[in-house]
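In: below are the sequence and a predicted model for it; my questions follow.
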There are 2 protein chains.
Amino acid sequence: MSLVVLGTVALDTVKTPRGKRRNMLGGSAAHLAMAARFFTPVNLVAVVGKDFPLSHIDFLRRKGLILTSLKKESGRTFRWEGEYKGDMNAALTLNTELGVLSAFHPELSDEEKRMKYIFLANLDPDIQSRLLDSIHSPKLVALDSMNYWIRHKRRPLLGLLKRVDIFVANDAEARELSGKHSLLDAARKLRRFGPKMILIKKGEHGVLFYADNLCFSLPAYPVTKLVDPTGAGDSFAGGFIGYLTKVKTINKQAIKKAIAYGTVIASFNVEGFGLERTAELTFKEIGARLKSYRRNLSL
Amino acid sequence: MSLVVLGTVALDTVKTPRGKRRNMLGGSAAHLAMAARFFTPVNLVAVVGKDFPLSHIDFLRRKGLILTSLKKESGRTFRWEGEYKGDMNAALTLNTELGVLSAFHPELSDEEKRMKYIFLANLDPDIQSRLLDSIHSPKLVALDSMNYWIRHKRRPLLGLLKRVDIFVANDAEARELSGKHSLLDAARKLRRFGPKMILIKKGEHGVLFYADNLCFSLPAYPVTKLVDPTGAGDSFAGGFIGYLTKVKTINKQAIKKAIAYGTVIASFNVEGFGLERTAELTFKEIGARLKSYRRNLSL
């Protein structure tokens, strides 16, 4: 089974207490797809500009991602510049340059339109909606968003949520969209917006999963070598959706294992700048850390 | 094996969005002992004033606590008044009246002095130290404190930490005492102060356990019926230390199970005002919720 991942491919400039990198390959779709590829073929749907290094394209292709619908438009690639201080709990955005993203119209191949598993990573909800319109009969649709769209495109986002099975949000986004401070209350409210499953990412505190008959928390994997948190949430989501796409089953055990895989891959992702660590990651390493994570949770 | 619990027995006045209660039985030692009693005999070491209702003493005795060293002094019982708003994440202290606590000199019976398992619940570190001095040969000493002592009695507290096996702290306390924002960094720093095991309570986010060769997080049990968070941390600590006292073993499996029991009992404690819910709690209910908690964590 293949997974369609729509989102951003970006050039990230990031400063953390561990150092600084300029114009790294980044973006929600890149991090998500790089994590999901361990489980399933991934079709990456995004746009880059004329300035996007060929070496990045080669890299994504070498990692096995299917780039049929990665558009190259005239104009500059979407850029994000951010800084993390102290314990790196929150990113301070220094600069955002939309570039080709501002006029992005995703177009899918006929094969992609027939795919069943769709992750709409963080992007303008109108673009996410258009992509979903072009899918013939989706089986599982997951969505991530961000505070900017919650504030500026609330109505389209709420409309889109009715068509989504899994809503993935971080704690701040869940609180802002629901107007509830308690994350359990927030999850309940978000459930009423449409998605059957709510997955709230709490950073170092792990995740809260909420559905009508199933609610639980799982912790993060304690990271001892934090280098750059950029992409942690997207690589979590990528491992999660990648595993669900692979097993083609949605039940309690599959959801928990998907969360565990997402958790483990995210814990590797933050050990290097951008995609450095995830690029070299092997399934054997993922398996070993999953075993340790699982062992810590077995009571 | 018996457990000695030193701490406060208080009259709590609490207001939450669910209602208000005046002069309830409360305090760190009361909540801790009421949770630990499910696993082991508990000797409660504390002081109350002349105004302390006999009915509360009867209640504690009926619940099986050993009150040999519960002193009654002339003067007023320690009182705390607090309020929780919104999602009840943090207590706002409205009033504290030390009363008999300000001149408290704990005295143990000869039998208690020979006991091996000691929990020094939140109290002046000088008083905690004096109690520890009187124990002949402790096997396991756990300590809890609070921001007030971290600020005003840092030196005695640091001295005491050298004599302690397990330091239990909430996230704010761990950060304040260590000067580190990241909880993993905080735990590492606290480890260097002496205690071999650091247990950081993160409220709705569960706990982080840290020792030289063992570090993991466990989530909280999602509470759907939050009434009053007072005593959650102490009842967690009580379930934790109670179980360790019962099994007389410190290994990874025992620690995880102790944390699970603490987590489950705390999740009941907050379903009622003060000790209302914990007072009626049965071991059967604890077992059923433990099973559900464990099931949610099995990957």
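Out: Received the coordinates, thanks. Residues are numbered from 1 along each chain as shown, chains lettered A, B, ... in the order given.
In: A:H136 versus the residue nearest the centre of chain A, what's the distance?
Out: Closest to where the C-alpha atoms of chain A average out (Cα atoms, centre = their mean) is A:D234, at 2.7 Å. Separation of A:D234 from A:H136 (Cβ to Cβ, to the nearest Å) stands at 26 Å. To be clear about C-beta, it is placed using only N, CA and C from the backbone, and glycine gets the same treatment.
In: can you give me the distance of the residue nearest to the centre of chain A to A:L123?
Out: Distance from A:D234 to A:L123, by Cβ to Cβ: 12 Å.
In: try A:G194
Out: 18 Å.
In: repeat for A:F268
Out: Taking Cβ to Cβ, one finds A:F268 at 25 Å from A:L123.
In: for the stretch 101-250 of chain A, what lies in contact range of chain B?
Out: With Cβ under 8 Å from any Cβ of the partner chain as the criterion, the stretch 101-250 of chain A meets chain B at residues A:180-185, A:202, A:204-206, A:208, A:215-220, A:222-224, A:226.
In: which of these are buried?
Out: A:180, A:182-185, A:202, A:204-206, A:208, A:215-220, A:222-223, A:226 (16 or more other Cβ atoms under 10 Å in any protein chain shown).
In: ranges for the strands of chain A?
Out: Using DSSP state E, the strands of chain A run over residues A:3-6, A:10-16, A:19-26, A:42-49, A:70-73, A:79-84, A:91-97, A:117-120, A:140-144, A:166-170, A:197-201, A:207-211, A:214-218.
In: and for the last one, what's in contact with it?
Out: Looking back up the chat, that one is strand A:214-218. A:184, A:187, A:206-209, A:252, A:255-256, A:259-260, A:263, A:297, B:205-206, B:219-220, B:222, B:224, B:296-297 (Cβ atoms under 8 Å, 6 or more residues apart in numbering or on different chains).
In: got it, and the first one?
Out: With contacts defined as Cβ under 8 Å, 6+ apart, strand A:3-6 is touched by A:29, A:32-33, A:36, A:40-46, A:106, A:108, A:112, A:115, A:117-121, A:123, A:127-128, A:131, A:135, A:238, A:241-242, A:245.
In: repeat that with 6 Å
Out: By Cβ atoms under 6 Å, 6 or more residues apart in numbering or on different chains, the list of residues contacting strand A:3-6 from outside reads A:29, A:32-33, A:36, A:40, A:42-45, A:106, A:112, A:115, A:117-120, A:131, A:245.
In: okay, now the sheet partners of it, with direction.
Out: Strand A:3-6 sits in its sheet next to strand A:42-49 (parallel), strand A:117-120 (parallel), going by DSSP bridges.
In: repeat that for the third one.
Out: Applying DSSP bridges to the sheet, strand A:19-26 is found paired with strand A:10-16 (antiparallel).
In: sketch out the low-pLDDT regions of the stretch 101-250 of chain A for me.
Out: By pLDDT under 70, the stretch 101-250 of chain A has no low-scoring segment.
In: could you pull out the helices for chain A?
Out: Secondary structure of chain A by DSSP state H: the helices cover A:28-36, A:54-62, A:110-113, A:125-133, A:147-152, A:154-161, A:171-178, A:183-192, A:232-247, A:252-269, A:276-280, A:283-297.
In: can you say which of those helices is packed in most?
Out: Neighbour counts (mean count of other Cβ atoms under 10 Å in any protein chain shown) averaged over each of these peak at helix A:28-36, with a mean of 32.
In: keeping just the C-alphas, turn that one into PDB.
Out: This file holds the C-alpha atoms of helix A:28-36, laid out as PDB (Å, rounded to 0.1, in the frame of the first residue of the first chain):
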ATOM      1  CA  SER A  28       6.800  19.100   6.900                       C
ATOM      2  CA  ALA A  29       6.500  16.700   4.000                       C
ATOM      3  CA  ALA A  30      10.200  16.000   3.800                       C
ATOM      4  CA  HIS A  31      10.400  15.000   7.500                       C
ATOM      5  CA  LEU A  32       7.200  13.100   7.400                       C
ATOM      6  CA  ALA A  33       8.100  11.200   4.200                       C
ATOM      7  CA  MET A  34      11.600  10.400   5.400                       C
ATOM      8  CA  ALA A  35      10.100   8.700   8.500                       C
ATOM      9  CA  ALA A  36       7.200   7.000   6.700                       C
END
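In: what's that helix packed up against?
Out: The contact analysis (3 or more Cβ pairs under 6 Å, 6 or more residues apart in numbering or on different chains; DSSP states H and E) places helix A:28-36 against strand A:3-6, strand A:42-49, helix A:232-247.
In: hmm, A:F268 is touching A:L281, no?
Out: Yes - taking contacts as Cβ atoms under 6 Å, A:F268 lies within contact range of A:L281: 5.3 Å.
In: shared neighbours, these two?
Out: Counting by Cβ under 6 Å, 6+ apart, A:F268 and A:L281 have no contacts in common.
In: just give the closest residue to A:I57, not the sequence neighbours.
Out: A:L67 (6.9 Å; Cβ to Cβ, 6 or more residues apart in numbering or on different chains).
In: any idea how far the one you found is from B:A232?
Out: According to Cβ to Cβ, A:L67 stands 51 Å off from B:A232.
In: ditto for A:L98
Out: Per Cβ to Cβ, A:L98 is found 45 Å from B:A232.
In: go on, A:K116?
Out: For A:K116 relative to B:A232 (Cβ to Cβ), the value is 44 Å.
In: equivalent analysis for A:L44, please.
Out: From A:L44 across to B:A232, the span is 45 Å (Cβ to Cβ).
In: likewise for A:R62?
Out: 51 Å.
In: with A:V168 instead?
Out: Counting by Cβ to Cβ, the gap from A:V168 to B:A232 is 29 Å.
In: which residues touch the residue lying closest to A:I286 once chain neighbours are set aside?
Out: Nearest residue to A:I286 in three dimensions, chain neighbours excluded: A:V264, at 5.6 Å (Cβ to Cβ, 6+ apart). Applying Cβ under 6 Å, 6+ apart, we find A:V264 in contact with A:Y221, A:I286, A:R289, A:L290, A:Y293.
In: doesn't A:W80 make contact with A:N95?
Out: No - when contacts are counted by Cβ under 6 Å, A:N95 is not listed as touching A:W80 (7.4 Å).
In: ok, A:K196 - how many residues close by?
Out: 13 (other Cβ atoms under 10 Å in any protein chain shown).
In: how about the contacts made by it?
Out: By Cβ under 6 Å, 6+ apart, A:K196 lies in contact with A:D165, A:A211.
In: what's the answer for A:Y243, then?
Out: Contacts of A:Y243 were listed using Cβ under 6 Å, 6+ apart, and they are A:F39, A:A258, A:Y261.
In: same thing but at 8 Å, please
Out: Neighbour list for A:Y243: A:F39, A:A254, A:K257, A:A258, A:Y261, A:G262 [criterion: Cβ under 8 Å, 6+ apart].
In: same check, this time on A:L120
Out: By Cβ under 8 Å, 6+ apart, A:L120 lies in contact with A:L6, A:G7, A:Q128, A:L131, A:L132, A:V141, A:A142, A:L143, A:D144, A:L160, A:V164.
In: just the closest of these to A:F273, please.
Out: Among the contacts of A:L120, A:G7 lies closest to A:F273 (Cβ to Cβ), at 19.6 Å.
In: wait, that closest one touches A:N122, no?
Out: Yes - using Cβ atoms under 8 Å, A:G7 is in contact with A:N122, at 6.1 Å.
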